[in-house]
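S.K.: Okay, predicted coordinates and the sequence, questions at the end:
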Amino acid sequence: MKKRIFSGIRPTGSIHIGNYLGALKNWTELQNKYDSIFCIVDLHALTTPTTAKNLQEKIFDLAAVYLSVGLDPKKCLFFVQSHVPAHAELTWLLNTIAKIPELERMIQFKEKSKERRSNVNVGLLDYPVLMAADILLYQTDAVPVGEDQKQHVEIARTLAKRFNKNYGRTFNVPQVIIKKESARIMALDNPEKKMSKSASSPYNYIALTDSSDAIREKIKRAVTDSGTEIRYSPARPAIANLMNIYHCFSGLTFEKIEQKYQGKGYADFKSDLAELIIAELKPIRRKIKELKNNPAQIKKILDQGAKDARIIAQKTLQEVKKKMGLI
């Protein structure tokens with residue numbers, strides 16, 4: 001029997017190559033090895049101010065991306081989080097055993113509350129508990145995530161162990177899967193920060209839907225370190241980031257990349273990098289466009305996914321409620 005994995009992406013901002021290399025591309029491989037469940041986590045997206053129309057568009061766009069990169073509804077289950085009410089219900093039940101100091105220690109909460117403490121919503125503080133509910137509902141064995149989400153999976157593990165101790169064996173305690181090379185793709189305009197869907201500058205990221213000309217321009221304008229040598233070193237974060245992207249799209253090791261560009265400068269390297277990205281994203285971009293012209297197909301897949309997910313989730317939720325004395 002295959003082990004089960006669960007992961008999800010928020011339908012916010014522009015889905016970029018960091019999401020693709022750090023999550024989506026990896027998912028397409030994992031769906032062949034695991035019993036795979038992938039979610040569009042729209043309840044998490046509500047912690048960021050948006051409009052109903054914009055959120056609906058982003059949910060639809062992300063579903064199109066999931067299908068376009070190669071997620072196969074015959075191999076994996078994917079659905080919209082809010083279409084399975086058990087996610088919100090289990091979150092409340094887990095809130096009763098979660099500790100406020102644990103949630104306040106979360107790096108993302110500390111960073112965002114430092115920026116605008118008076119405007120921080122309760123959902124942002126409770127974000128890790130909702131994420132724990134997402135994972136634990138499906139008796140998940142492992143969670144493929146980026147480095148920045150590892151701490152949130154630790155909360156899920158903590159809550160699973162605490163619940164099992166307090167109420168009896170109920171949840172699997174999930175492990176973390178991180179693909180090291182692509183776990184953290186940094187911003188093109190600032191290699192000290194992670195590539196971000198919500199970045200104010202479009203030169204921070206390369207979106208999956210960017211045109212070929214836009215990709216060439218963004219790579220051309222990507223910041224570089226002093227000097228011109230194509231050599232991987234953590235002490236040179238800008239070229240290290242670009243070489244990591246090159247490695248992820250080409251499969252070449254850093255050593256092979258260094259050999260290929262020995263005696264050449266940034267211009268040749270960047271030009272080739274842009275063409276590598278364009279070649280891989282072009283069919284994905286074409287598929288996204290086709291799917292957007294067939295919304296009924298996307299709706300049918302999401303409806304069936306939610307139906308199947310509700311069966312699994314409800315079974316876990318009923319057991320939790322029974323253990324807590326609610327049934």
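M.R.: Yep, it's here. Numbers count the residues shown, from 1 in each chain.
S.K.: rest of the way, CA atoms for contacts and neighbours
M.R.: OK.
S.K.: Flag every buried residue along stretch 41-59.
M.R.: 41-47, 55, 58-59 (16 or more other C-alpha atoms under 10 Å).
S.K.: Now find how far off-centre it is within its chain.
M.R.: The chain centre lies 15 Å from the centre of stretch 41-59; the measure is C-alpha atoms, centre = their mean, to the nearest Å.
S.K.: outside of it, which residues touch it?
M.R.: With contact meaning C-alpha atoms under 8 Å, 6 or more residues apart in numbering, stretch 41-59 is reached by 8-13, 40, 80-82, 121, 123-124, 127, 130.
S.K.: run the last query once more with 10 Å
M.R.: 7-15, 40, 60-61, 63-65, 79-83, 87-88, 120-128, 130-131, 134, 198 (C-alpha atoms under 10 Å, 6 or more residues apart in numbering).
S.K.: May I see the buried residues of stretch 41-59 arranged in TSV, with pLDDT, distance to Tyr232 and secondary structure as well?
M.R.: Listed next are the buried residues of stretch 41-59 as TSV, based on pLDDT from 0 to 100; distance: C-alpha to C-alpha, whole Å; DSSP: H, G, I helix; E, B strand; the rest coil:
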residue	pLDDT	distance to Tyr232	secondary structure
Val41	97	36	coil
Asp42	97	38	helix
Leu43	97	39	helix
His44	95	36	helix
Ala45	94	36	helix
Leu46	94	39	coil
Thr47	89	38	coil
Leu55	95	40	helix
Lys58	95	36	helix
Ile59	96	37	helix
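S.K.: got these as TSV, with distance to Asn32 columns?
M.R.: Listed next are the buried residues of stretch 41-59 as TSV, based on distance: C-alpha to C-alpha, whole Å:
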residue	distance to Asn32
Val41	22
Asp42	26
Leu43	28
His44	27
Ala45	28
Leu46	32
Thr47	33
Leu55	30
Lys58	27
Ile59	25
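S.K.: can you give me the strands for this structure?
M.R.: For the chain, the strands defined by DSSP state E occupy 4-9, 35-40, 76-80, 142-144, 175-177.
S.K.: Any idea how far apart the tips of stretch 41-52 sit?
M.R.: 15 Å (C-alpha to C-alpha, to the nearest Å).
S.K.: number of nearby residues for the nearest residue to Ala240 once chain neighbours are set aside?
M.R.: Distances taken as C-alpha to C-alpha, 6 or more residues apart in numbering put Tyr232 closest to Ala240, at 5.1 Å, once the chain neighbours are dropped. Look at Tyr232: counted by other C-alpha atoms under 10 Å, it has 19 neighbours.
S.K.: Let me see the domain layout of the protein.
M.R.: Here the domain parsing of the chain from automatic domain parsing is 4-177+295-323, 202-289.
S.K.: Out of those domains, which is closest to Met186?
M.R.: Met186 sits nearest to domain 202-289 of all the domains of the chain, at 6.2 Å, using C-alpha to C-alpha.
S.K.: if we can go back for a sec, please produce TSV containing the strands of the chain, extended by mean pLDDT.
M.R.: Shown next, in TSV, are the strands of the chain (pLDDT from 0 to 100):
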stretch	mean pLDDT
strand 4-9	96
strand 35-40	97
strand 76-80	96
strand 142-144	94
strand 175-177	91
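S.K.: Nearest to Asp210, out of these?
M.R.: Here strand 4-9 is closest among the strands of the chain (C-alpha to C-alpha), at 19.3 Å.
S.K.: that older thread, okay, the residue nearest to Ala240 and Glu275: tell me how far apart.
M.R.: 20 Å.
S.K.: Now for Asp141, how many residues are close by?
M.R.: Asp141: 20 neighbours (other C-alpha under 10 Å).
S.K.: Quick one: closest of the domains of the chain to Ile185.
M.R.: Of all these, domain 4-177+295-323 comes closest under C-alpha to C-alpha, at 5.1 Å.
S.K.: Kindly check the end-to-end length of the closest one for me.
M.R.: 23 Å.
S.K.: can you give me the helices in the stretch 151-300 of the chain?
M.R.: 212-221, 237-250, 254-260, 266-292, 295-323 (DSSP state H, counting those that start in this stretch).
S.K.: Make CSV out of those and add distance to Asp141, mean pLDDT and mean neighbour count.
M.R.: Listed next are these as CSV, based on distance: least, C-alpha to C-alpha, whole Å; pLDDT from 0 to 100; neighbours: other C-alpha atoms under 10 Å:
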stretch, distance to Asp141, mean pLDDT, mean neighbour count
helix 212-221, 37, 96, 17
helix 237-250, 26, 94, 21
helix 254-260, 32, 94, 15
helix 266-292, 30, 95, 17
helix 295-323, 14, 97, 16
